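Student: here is my input, please return the structure:
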Amino acid sequence: MITLRRSEDRGFADHGWLKSYHSFSFADYHDPSHMGFGNLRVINEDRIAPGTGFGTHGHRDMEIVSYVLEGALAHRDSMGNGAAIVPGEVQRMSAGRGVMHSEFNHASDMQTHFLQIWILPRERGITPGYEQKAFPDSMKRGRLCPVATDDGRDGSVTIHADAALYAGLFDGDEAAELALTPGRLTYVYLARGALDVNGLSLGAGDAAMLEGEALLRLQRGRQAEVLVFDLAP
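Tutor: Numbers count the residues shown, from 1 in each chain. Take a look at the predicted model:
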């Protein structure tokens, strides 16, 4: 079974400095039918205006992945980490028993466009942690590259959750397939462009939720950048 979630059906919040689309219930957006998918709890598509950002705030017991599409995201946290995240890089922050952090766009003339992803951890109360790695386009071109996994395979960042996240770039004749494990869930989120997922056409911001499918097929991309989640039910 494949269920589509179109971009225009997501929640939306306009805070002036921040414009955010919510794939699942978040903050003031509440939809009982979209509280998450398996252990995937949040996908927020955020656009931060120049010179603004999220002030210092706290999280706990969540695996938080940031995936930057445009601009740069300046990160600081109570673990002593400070770094700029740019397109092609993936950041993982394990909030564990508690962490404080801030995220800013210090550019004067360019917005920061990124995806904020939350995945429920296997265990509560773990030691907070941080990891950041670059995945150049060559690793994602015409294929699904693991960028966040529970065992850090193939150079991915390590998340403390029963999940794996793949990223891919597809255009023209480029295509890829992924065998799906019975009993697990698959969530496909199209960050930009257009792409066919098992014969269904997706546009930017659209998602496909797969249950009971044996194979994921991605083809006929038009400048597509896609994220694929393998999730615990």
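Student: for the rest of this, base every contact and every neighbour count on C-alpha atoms.
Tutor: OK.
Student: ok, for Leu144, nearest residue in space, not its chain neighbours?
Tutor: Leaving aside its chain neighbours, Leu144 sits nearest to Gly168 (4.7 Å; criterion: C-alpha to C-alpha, 6 or more residues apart in numbering).
Student: roughly how far apart are the one you found and Arg141?
Tutor: Counting by C-alpha to C-alpha, to the nearest Å, the gap from Gly168 to Arg141 is 6 Å.
Student: for those two, indicate the residue with more neighbours.
Tutor: With other C-alpha atoms under 10 Å as the criterion, Gly168 and Arg141 differ in neighbour count, and Gly168 comes out ahead with 24 against 17.
Student: give the buried residues for the helix or strand hosting the more buried one.
Tutor: Following DSSP states H and E, one finds Gly168 within strand 163-170. Taking 16 or more other C-alpha atoms under 10 Å as the basis for neighbour counts, the residues of strand 163-170 that come out buried are Ala163, Ala164, Leu165, Tyr166, Ala167, Gly168, Leu169, Phe170.
Student: list the helices and strands that strand packs on?
Tutor: helix 137-140, strand 145-149, strand 215-231 (3 or more C-alpha pairs under 8 Å, 6 or more residues apart in numbering; DSSP states H and E).
Student: mind redoing it with 6 Å?
Tutor: Where contact means 3 or more C-alpha pairs under 6 Å, 6 or more residues apart in numbering; DSSP states H and E, strand 163-170 is packed against strand 145-149, strand 215-231.
Student: which residues does it contact?
Tutor: Where contact means C-alpha atoms under 6 Å, 6 or more residues apart in numbering, the residues beyond strand 163-170 that reach it are 140-149, 221, 224-231.
Student: give the rounded mean pLDDT of it.
Tutor: Summarised as a single mean, pLDDT over strand 163-170 is 98.
Student: and it, how far out from the chain middle?
Tutor: For strand 163-170, the separation from the chain centroid amounts to 9 Å (computed by C-alpha atoms, centre = their mean, to the nearest Å).
Student: can I get it in PDB, CA atoms only?
Tutor: Listed in PDB are the C-alpha atoms of strand 163-170, where the atom choice follows Å, rounded to 0.1, in the frame of the first residue of the first chain:
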ATOM      1  CA  ALA A 163      16.000   3.700  11.300                       C
ATOM      2  CA  ALA A 164      18.000   4.500   8.300                       C
ATOM      3  CA  LEU A 165      18.000   7.600   6.100                       C
ATOM      4  CA  TYR A 166      19.100   7.600   2.500                       C
ATOM      5  CA  ALA A 167      19.600  10.600   0.100                       C
ATOM      6  CA  GLY A 168      19.600  10.600  -3.700                       C
ATOM      7  CA  LEU A 169      19.800  12.900  -6.700                       C
ATOM      8  CA  PHE A 170      18.000  11.900  -9.800                       C
END
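Student: between it and strand 215-231, how big is the angle?
Tutor: Taking axes from the mean of the first three to the mean of the last three C-alpha atoms, to 10 degrees, one finds that strand 163-170 is oriented at 140 degrees with respect to strand 215-231.
Student: next SSE after strand 163-170?
Tutor: Helices and strands here follow DSSP H and E; after strand 163-170, the next one along the chain is strand 176-179.
Student: sheet partners, orientation included, of that following strand?
Tutor: strand 215-231 (antiparallel) (DSSP bridges).
Student: what's across from Ala224 in the sheet?
Tutor: Residues found in beta-bridge contact with Ala224 (criterion: DSSP bridges) are Phe170.
Student: kind regards, and thank you for your time.
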